[in-house]
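Novice: got a predicted structure here, sequence first:
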Amino acid sequence: MSAPIVIHRPSATGGRRVTVRGQIVGLAHDDHDVVEFLRRAGLPDADQLLDDSSWVQWRGGRAHRYEAA
């Protein structure tokens, strides 16, 4: 089973697309953005999930890095 939250590879202009269960929730430019998107999706303790691989999969690039690819 894959993680329900995916933080995709950094875009050419910076930022990373964030999806929750396959639905795009926004373009994050830092961890704060991700936490806010997840809070809006109903996960109030999202800041504690960012490094939990059962919840979050970081694709294409280092975790917590958002600069342009």
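Specialist: Cool, the structure landed. Note that the structure is a prediction, hence the values are computed from the model and not measured.
Novice: those strands in this protein, which residues are they?
Specialist: Ranges of strands in the chain, per DSSP state E, are 5-10, 16-20, 23-28, 56-58.
Novice: to the chain's geometric centre, what's the distance from the first one?
Specialist: Okay, so that is strand 5-10. Relative to its chain's centre, strand 5-10 lies at 5 Å (Cα atoms, centre = their mean, to the nearest Å).
Novice: 97 is where my numbering starts, stick with that
Specialist: Yes, from this point I'll number from 97; that puts the last item at strand 101-106.
Novice: give the contact list for L134.
Specialist: If you count contacts by Cβ atoms under 8 Å, 6 or more residues apart in numbering, L134 has them with I101, V114, V116, V121, A142, L145. In this view, the C-beta of every residue, glycine as well, is placed from N, C-alpha and C.
Novice: in the residues you listed, find the pair that's most separated.
Specialist: Between any two of the contacts of L134, the greatest separation by Cβ to Cβ is 13.6 Å, found for V121 and L145.
Novice: do you know which of the strands of the chain lies nearest A164?
Specialist: So among the strands of the chain, strand 101-106 is nearest, using Cβ to Cβ, at 6.2 Å.
Novice: okay, now the sheet partners of the closest one, with direction.
Specialist: If you go by DSSP bridges, strand 101-106 pairs up with strand 112-116 (antiparallel), strand 152-154 (parallel).
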